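> what's the 3D shape of this:
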Amino acid sequence: MAKLQQSSYVLCLAFSVAVNLYLIFNLYGHGAGGLWELSWSRRAAEEAEHVAAVPCSGHGRAYLDGLVLDDGKQPGCECNSCFGGSDCSQFLTDCESNADSGDPYFLEPFWMEHASESAILVAGWHRMGYSFSDKSYISQELERLIRKVHDIAGNAVTQGRFIVIGAGSTHLINAAVQALSSSSTDNFNSSSSSPASIVVTIPYYALYETQTEYFQSVNYKFEGDGSLLNLSSGRVIEFVTAPNNPDGKLNKANCQGPNSAAIYDRVYYWPHFTPIPTPANDDVMVFSISKLTGHAGTRLGWAVIKDEAVYQRMLQHTLISNLGISRDAQLRAMKLLNVVVEGGGKEIFEFGYTTMRKRWEKLKNTLSMSNRFSLQKDEPLFCTFFQKRRGPSPAYAWVKCEREEDVDCYKVLQEEANVYGRRGSVFGAEDRYVRLALIRSQDDFDILLHRLNQLVSKEDDSQPQTHINNVTTHEFLRRKSHVSC
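Numbering: from 1, shown residues only. This is a model prediction of the structure:
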């Protein structure tokens with residue numbers, strides 16, 4: 001009898017708990033805006049998951065804003081280089097190996113592994129105004145995360161510095177030039193009314209010249225390689241890229257003195273690409289989300305600035321030219337940086353470094369067998385982030401054609417290997433050099449490496465060839481895919 005009574009008590013208690021949970025669910029889950037159950041966001045979430053699940057044979061992607069098939073419902077695939085067909089399953093045997101553009105797809109697998117943490121879904125009425133509630137144009141949380149990620153990576157001093165954001169580093173580069181070349185600037189101890197000389201060190205990122213000449217300001221003029229000029233008088237603004245695009249060197253300013261200022265382009269100064277020997281502490285430093293997380297299309301960058309007057313002029317430039325930066329871009333950047341800082345940045349930096357280092361070692365091994373082509377030297381340094389001495393893992397290979405007759409290295413690779421890089425003359429150097437991008441998709445890198453293997457193997461016909469050099473690129477990729485599965 002006692003046991004029966006005890007069982008009744010247990011049943012009553014279980015029933016009571018169940019009823020209370022049901023009432024709580026109905027009260028808060030449905031009656032208070034759907035805290036427990038998706039409502040208006042369900043359709044958007046389902047659309048995003050549906051598109052992301054399209055496989056594209058592993059050689060492409062479908063996007064919410066991308067192609068739509070003839071039925072108007074099924075999302076279409078956008079294929080990687082050398083692949084085609086509705087599902088990207090067709091290999092294009094005569095395709096060009098794209099080693100030109102710097103799209104950082106190498107980080108795509110990382111974000112696929114962190115899909116839930118990095119996804120965003122917002123209401124149609126999200127941030128419809130021009131500014132935030134405090135009348136500013138930068139999210140305070142985004143600025144906090146920017147400072148935190150620099151503190152974690154140990155690549156820049158941000159304490160006591162000002163931060164301005166722009167539509168990618170390209171926007172901020174011009175903002176910095178405008179700010180530093182202003183006749184009212186205190187950065188120069190010169191009363192000269194002549195335009196400031198914009199100088200670089202060869203090889204240099206072509207946008208510095210293109211952008212400077214495009215805006216045709218009376219305040220500045222592009223003068224090229226500063227080492228070839230007499231800069232003893234007049235104002236000088238030097239672009240310093242560290243690591244350098246295209247050769248990965250940790251450049252330093254060459255122009256010193258009261259009439260000189262430097263803009264440090266440090267978009268590649270992350271543990272993915274280079275050892276971090278010390279936090280950068282320059283007057284003007286430019287970074288971007290593009291090379292940190294790989295999201296080049298988000299178009300968001302930031303500058304870390306010492307001088308408040310320079311900061312105010314750069315901020316004014318971004319507001320006049322763009323009325324602030326997209327709230328949607330800031331939200332996405334904030335979401336991505338939240339993932340980056342989790343676990344002290346260890347996951348993304350180790351993934352990025354491992355991926356790029358493997359690619360660099362494979363490329364070095366291939367070209368080390370060649371007497372016709374050479375690579376830039378890589379010098380190991382102590383990295384404060386990884387707490388060890390390590391070599392670089394550069395975003396680009398700066399290849400030189402060593403034969404006297406190979407005066408146009410771009411043409412050599414194009415005609416003999418169907419590889420398309422970027423000419424040395426684009427960077428102010430000889431065309432005996434060519435830049436090859438290593439940060440694109442795994443498909444792009446595999447095809448590039450295979451084509452270079454084939455080209456190098458032809459240097460000495462008597463040299464025994466490995467089996468990989470006797471198969472077509474299509475067969476090589478098919479076998480590679482089979483093994484990786």
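> And the pLDDT at A303?
Model confidence at A303, given as pLDDT, is 98.
> Where does it fall, secondary structure wise?
A303 is part of strand 301-305 when elements are defined by DSSP states H and E.
> Contacts made by that strand with the rest, please.
Outside strand 301-305, the residues that touch it by Cβ atoms under 8 Å, 6 or more residues apart in numbering are 146, 150, 156-158, 161-172, 175-176, 267, 283-290, 311, 314. (Glycine included, C-beta is placed from N, CA and C.)
> Okay, now the sheet partners of it, with direction.
Sheet pairing for strand 301-305, assigned by DSSP bridges, gives strand 162-166 (antiparallel), strand 284-288 (antiparallel).
> Could you look over those and pick the most buried one?
Of all these, strand 284-288 has the most neighbours on average by mean count of other Cβ atoms under 10 Å, namely a mean of 28.
> With just CA atoms, put that strand into PDB.
Provided in PDB are the C-alpha atoms of strand 284-288 (Å, rounded to 0.1, in the frame of the first residue of the first chain):
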ATOM      1  CA  VAL A 284      49.200  55.500 -39.400                       C
ATOM      2  CA  MET A 285      48.500  51.800 -39.800                       C
ATOM      3  CA  VAL A 286      45.900  50.300 -42.200                       C
ATOM      4  CA  PHE A 287      44.200  46.900 -41.800                       C
ATOM      5  CA  SER A 288      41.200  45.100 -43.400                       C
END
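> Could you identify the helix or strand that succeeds that strand?
helix 289-293.
> Remind me what that next one packs against, helices and strands.
Helices and strands touching helix 289-293, as assessed by 3 or more Cβ pairs under 8 Å, 6 or more residues apart in numbering; DSSP states H and E, comprise helix 327-341.
> E209 reaches Y220, doesn't it?
No: using Cβ atoms under 8 Å, E209 makes no contact with Y220, being 11.9 Å away.
> roughly how far apart are L69 and D282?
As judged by Cβ to Cβ, to the nearest Å, L69 and D282 stand 50 Å apart.
> The two: who's more crowded?
Neighbours were counted for L69 and for D282 using other Cβ atoms under 10 Å; D282 has more, 19 against 12.
> Could you confirm the more buried one falls within a strand?
No: looking at D282 with DSSP: H, G, I helix; E, B strand; the rest coil, it is coil, so not inside a strand.
> so the nearest residue to it once chain neighbours are set aside, which of the three states?
Counting by Cβ to Cβ, 6 or more residues apart in numbering, D282 lies nearest to Y264, which is 4.2 Å off, once chain neighbours are set aside. Secondary structure, three-state DSSP: Y264 is strand.
> what sits against Y264?
Counting by Cβ under 8 Å, 6+ apart, Y264 makes contact with V240, T241, A242, A253, A280, D282, V284, M285, V286.
> now, the most widely separated pair of the residues you listed?
Greatest spacing in the contacts of Y264, by Cβ to Cβ: A253 and V286 (14.1 Å).
> got a pLDDT number for G234?
Looking at G234, its pLDDT reads 83.
> surely it meets S197?
Yes: assessed by Cβ under 8 Å, G234 is found in contact with S197 at 6.1 Å.
> And these two? Which one has more around it.
The residue with more neighbours, out of G234 and S197, is S197; 22 against 17, by other Cβ under 10 Å.
> how near is the more buried one to N251?
Separation of S197 from N251 (Cβ to Cβ): 18 Å.
> Helices of the stretch 1-150 of the chain, start to end?
2-24, 41-52, 108-113, 115-118, 140-153 (DSSP state H, counting those that start in this stretch).
> For these, which has the smallest mean pLDDT value?
The minimum mean pLDDT among the helices of the stretch 1-150 of the chain belongs to helix 2-24 (a mean of 51).
> Give me the three-state assignment for T158.
coil.
> and it, how far is that from S290?
19 Å.
> More neighbours: which of these two?
Neighbour tally, T158 and S290, criterion other Cβ under 10 Å: the higher count belongs to S290, 22 against 19.
> Contacts only, for the more buried one.
The contact partners of S290, by Cβ under 8 Å, 6+ apart, come to P104, G168, S169, V267, A296, T298, G301.
> Can you give me the pLDDT of it?
Turning to S290, the model gives it a pLDDT of 97.
> From I146, how far off is it?
Distance, S290 to I146, using Cβ to Cβ: 14 Å.
> Pull the number of nearby residues for the closest residue to A48 other than its chain neighbours.
Nearest non-adjacent residue to A48, counting by Cβ to Cβ, 6+ apart: L64, 6.3 Å away. Using other Cβ under 10 Å, L64 is surrounded by 11 other residues.
> Strands along the stretch 201-350 of the chain, start to end?
Assignment of strands within the stretch 201-350 of the chain using DSSP state E, counting those that start in this stretch yields the ranges 220-225, 236-241, 260-265, 284-288, 301-305.
> can you dump the C-alpha coordinates of the second one into CSV?
Okay, so that is strand 236-241. Provided in CSV are the C-alpha atoms of strand 236-241 (Å, rounded to 0.1, in the frame of the first residue of the first chain):
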residue,chain,number,x,y,z
VAL,A,236,57.0,63.5,-48.5
ILE,A,237,54.4,60.8,-47.8
GLU,A,238,55.7,57.2,-48.1
PHE,A,239,53.7,54.1,-48.5
VAL,A,240,55.2,51.3,-46.6
THR,A,241,53.7,47.8,-47.1
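> How about residues contacting it?
So strand 236-241 is in contact with 173, 177, 180-181, 196-201, 204-205, 208, 220, 226, 251-255, 257, 259-265, 268, 282, going by Cβ under 8 Å, 6+ apart.
> make it 6 Å
For strand 236-241, contacts defined as Cβ atoms under 6 Å, 6 or more residues apart in numbering pick out 180, 196-200, 205, 208, 251, 253, 255, 260-265.
> Distance from that strand to the middle of the chain?
Here strand 236-241 is found 22 Å from its chain centre; the criterion is Cα atoms, centre = their mean, to the nearest Å.
> between that strand and strand 260-265, how many degrees?
Here the directions of strand 236-241 and strand 260-265 differ by 20 degrees (axes from the mean of the first three to the mean of the last three Cα atoms, to 10 degrees).
> Buried residues, strand 236-241. List them.
V236, I237, E238, F239, V240, T241 (16 or more other Cβ atoms under 10 Å).
> would CSV of these with distance to G324 be doable?
Output for the buried residues of strand 236-241, formatted as CSV (distance: Cβ to Cβ, whole Å):
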residue, distance to G324
V236, 31
I237, 25
E238, 29
F239, 25
V240, 28
T241, 27
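> ok, of those, which one's closest to T93?
Relative to T93, the closest of those is T241; by Cβ to Cβ it sits at 37.4 Å.
> neighbours around the nearest residue to N322 once chain neighbours are set aside, how many?
Of all residues not flanking N322 in the chain, A167 sits nearest, at 5.9 Å (Cβ to Cβ, 6+ apart). A167 has 19 neighbours, counted by other Cβ under 10 Å.
> Enumerate every residue touching A167.
Neighbouring residues of A167 by Cβ under 6 Å, 6+ apart: R299, N322, I325.
> Go again with 8 Å.
Contacts for A167 (Cβ under 8 Å, 6+ apart) come out as R299, L300, G301, T318, N322, I325, S326, A329.
> Also E108?
G294, S441.
> Any regions of this structure where pLDDT drops low?
Low-confidence segments of the chain, defined by pLDDT under 70: 1-36, 70-72, 183-192, 231-232, 461-485.
> For the residue positioned nearest the centre of it, give its distance to R440.
In the chain, the C-alpha nearest the mean C-alpha coordinate belongs to K291, at 2.1 Å (Cα atoms, centre = their mean). Here the criterion is Cβ to Cβ. By it, K291 lies 13 Å from R440.
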